[in-house]
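Colleague: compute the structure for the input listed below.
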Amino acid sequence: MARFQLVPVRLSWTALLALAHLTYLLVGAIVFQILEREAESNNRNHFQLEKLYFLANYTCLDGEALEKFVQVILHAWETGVNPSGNSTNPSNWDFSSSFFFAGTVVTTIGYGNLSPSTVSGQVFCVFYALCGIPLNLAFLKQLGKCLTVHLGRLERGMVSVVPHKQAVEVIAVGLFFITGSLLFLVVPPLLFSYAEGWSFGEGFYFAFITLSTIGFGDYVVGTDPHKDYISVYRSLAGIWIIFALAWLALIFSVGARIMEHVFLLTHPGIKKHEEEENVPSTKLEDSSKI
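Modeller: You can find the predicted model right below:
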């Protein structure tokens, strides 16, 4: 009789964090969709009824009627309902949009164009962010370590071609920067420009404002009610944000080290002064040990 043996599967810390991060985003997307979609539908229907009432009863505008309708429009916009179009506009809380929103929560981008309108959704968002932000930071840190390892491998592979160590580091960092820029700051804006009808400058502006976590909210993907987006469009944008943030954080870290190195080379007196300041404290420690 054949015996089946369970083979132990070892998961790396990076894979485990990636799995936990993806699972967390999926759970958040499902919960946000459940909590907010019905409220959005009610707000959308209320706005459409107000529009019909306005068109039927206010053939001649006066100040009070106009002010009332403006308040209705502002309320609709604040609750995530686009005032233009009709009730067939795409939902802001379908799975793809909810996944994208969950990603903007844990990455602290916060565009401001969409937020939970129900009490249950707001309470869940608070606790979701409390747990999700540290998880996202841990994942980005581990992803940065993996990118650093690949950068180190690239440098070691180039040693045989370029024997000078500093030249190898400069070339490797340059290749890493150019490749990442193409993957995260050139190609995505081209795709966003095509999908949204933006210029490349607007797409690049959106990409940088997003990845720097500034998130003004003046440009957000997948929000035009007159365009037919593929169902996973905003989910793919959310995944792009996660990986691009890890790359950009590593670039900022490398850039800070380069600036510090250049500053010390151009101001050697500062380094010497710091070393002289550290000498007395070292001697004191040694004398206390005696």
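Colleague: I'd say G103 and I241 touch.
Modeller: Yes - with contact defined as Cβ atoms under 8 Å, G103 and I241 form a contacting pair (5.7 Å). Any C-beta I mention is one placed from the backbone N, CA and C, and that applies to glycine too.
Colleague: mind listing the strands for the stretch 101-250 of the chain?
Modeller: Under the criterion DSSP state E, counting those that start in this stretch, the stretch 101-250 of the chain carries no strands.
Colleague: so, low pLDDT: which residues of it?
Modeller: For the stretch 101-250 of the chain, residues meeting the criterion pLDDT under 70 lie at 159-166, 168.
Colleague: where along it do the helices fall?
Modeller: Remark: helices assigned in the stretch 101-250 of the chain by DSSP state H, counting those that start in this stretch are 119-159, 165-181, 187-196, 200-211, 233-266.
Colleague: now render these as CSV, adding distance to E50 and mean neighbour count.
Modeller: Output for the helices of the stretch 101-250 of the chain, formatted as CSV (distance: least, Cβ to Cβ, whole Å; neighbours: other Cβ atoms under 10 Å):
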stretch, distance to E50, mean neighbour count
helix 119-159, 23, 15
helix 165-181, 47, 15
helix 187-196, 29, 17
helix 200-211, 32, 18
helix 233-266, 28, 16
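Colleague: to S96, which of these lies closest?
Modeller: With respect to S96, and counting by Cβ to Cβ, the nearest of the helices of the stretch 101-250 of the chain is helix 233-266 at 4.5 Å.
Colleague: centre of the chain to that closest one, how far?
Modeller: Remark: helix 233-266 is offset 13 Å from the chain centroid, using Cα atoms, centre = their mean, to the nearest Å.
Colleague: quick check: angle from it to helix 200-211?
Modeller: Relative orientation of helix 233-266 versus helix 200-211 (axes from the mean of the first three to the mean of the last three Cα atoms, to 10 degrees): 80 degrees.
Colleague: who does helix 233-266 touch, helix- and strand-wise?
Modeller: helix 95-106, helix 119-159, helix 165-181, helix 187-196, helix 200-211, helix 268-289 (3 or more Cβ pairs under 8 Å, 6 or more residues apart in numbering; DSSP states H and E).
Colleague: so how far is C146 from the residue nearest to W240 when sequence neighbours are not counted?
Modeller: In space, and not counting its chain neighbours, W240 is closest to P188: 5.7 Å by Cβ to Cβ, 6 or more residues apart in numbering. Distance, P188 to C146, using Cβ to Cβ, to the nearest Å: 21 Å.
Colleague: what does S12 give?
Modeller: According to Cβ to Cβ, S12 stands 9 Å off from C146.
Colleague: next: F127.
Modeller: Going from F127 to C146 by Cβ to Cβ gives 29 Å.
Colleague: got it, and G152?
Modeller: For G152, the distance to C146 equals 11 Å [Cβ to Cβ].
Colleague: what of Y53?
Modeller: 57 Å.
Colleague: next: V27.
Modeller: V27 is 24 Å from C146, by Cβ to Cβ.
Colleague: again with A195
Modeller: Applying Cβ to Cβ, the value for A195 to C146 is 29 Å.
Colleague: cool, and A29?
Modeller: From A29 over to C146 (counting by Cβ to Cβ), the distance is 25 Å.
Colleague: and if you look at W198?
Modeller: From W198 to C146 the distance is 32 Å (Cβ to Cβ).
Colleague: repeat that for G132.
Modeller: From G132 to C146 the distance is 21 Å (Cβ to Cβ).
Colleague: now for T107, how many residues are close by?
Modeller: Look at T107: counted by other Cβ atoms under 10 Å, it has 21 neighbours.
Colleague: check contacts around it.
Modeller: 136, 213, 241-242, 245 (Cβ atoms under 8 Å, 6 or more residues apart in numbering).
Colleague: any idea which of those residues is closest to A65?
Modeller: The closest of the contacts of T107, once distances to A65 are taken by Cβ to Cβ, is T213, at 42.2 Å.
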